[in-house]
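Colleague: Sequence below, structure please.
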Amino acid sequence: MTILEVTLDQALAWRLERHFLDPIRDASVEEVRCALPQARRSAYTTIQTVLNRLADRGLVSRARAGRVIRYRARISEADYLSRSLDTILAGASEEARRGALVNLAERLPADELAALRRAGDGRPRR
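Modeller: Got it, this is the predicted structure:
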């Protein structure tokens, strides 16, 4: 998968994942589709394909309920964001990766930057 395919796939996947932030909530393809803003609503088969890809990656579970397959989040929003960033950054050069991380850090509010520093202080250096 190219970086562009990952980015496009993750753009839709992110919108779908936002629908599943509550791990207790589950939904069918059509329920997910209808929950998306109408201006950004994709075709049923597109939503189904992305949900199946998310299931294949272990991000959502699927279970048959009668004739309908229902999907449910298996990871938290924070884990999803971390995995997404890992995937995107893994395909970048070291220079681009560092630049992107610096850009992100520069845009963080002071309290989030402080939390990031605290988390990094206890980590062994590579």
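
Colleague: following the helix or strand harbouring V102, which helix or strand comes up?
Modeller: Following DSSP states H and E, one finds V102 within helix 94-107. Going down the chain from helix 94-107, the next helix or strand is helix 110-121, by DSSP H and E.

Colleague: Centre of the chain to that following helix, how far?
Modeller: Centroid separation between helix 110-121 and its chain, computed with CA atoms, centre = their mean, to the nearest Å, is 22 Å.

Colleague: Okay, and the beta partners of the nearest residue to V68 once chain neighbours are set aside?
Modeller: Once flanking residues are discounted, V68 sits nearest to S28: 4.9 Å by CB to CB, 6 or more residues apart in numbering. For the C-beta atoms, the positions are set from N, CA and C on the backbone; glycine is no exception. Counting by DSSP bridges, S28 is bridged to R70.

Colleague: Give me the distance between S28 and R97.
Modeller: According to CB to CB, to the nearest Å, S28 stands 38 Å off from R97.

Colleague: Of those two, give the one with the bigger neighbour count.
Modeller: With neighbours defined as other CB atoms under 10 Å, S28 and R97 compare such that S28 has more, 17 against 14.

Colleague: Show me the shaky parts of this structure.
Modeller: 1-24, 123-126 (pLDDT under 70).

Colleague: the helices in it, which residues?
Modeller: Remark: helices assigned in the chain by DSSP state H are 3-19, 29-35, 44-56, 77-90, 94-107, 110-121.

Colleague: For the fourth one, what is the distance to the chain centroid?
Modeller: Its chain's C-alpha centre lies 7 Å from the corresponding centre of helix 77-90 when counted by CA atoms, centre = their mean.

Colleague: got the angle for that helix vs helix 94-107?
Modeller: 140 degrees (axes from the mean of the first three to the mean of the last three CA atoms, to 10 degrees).
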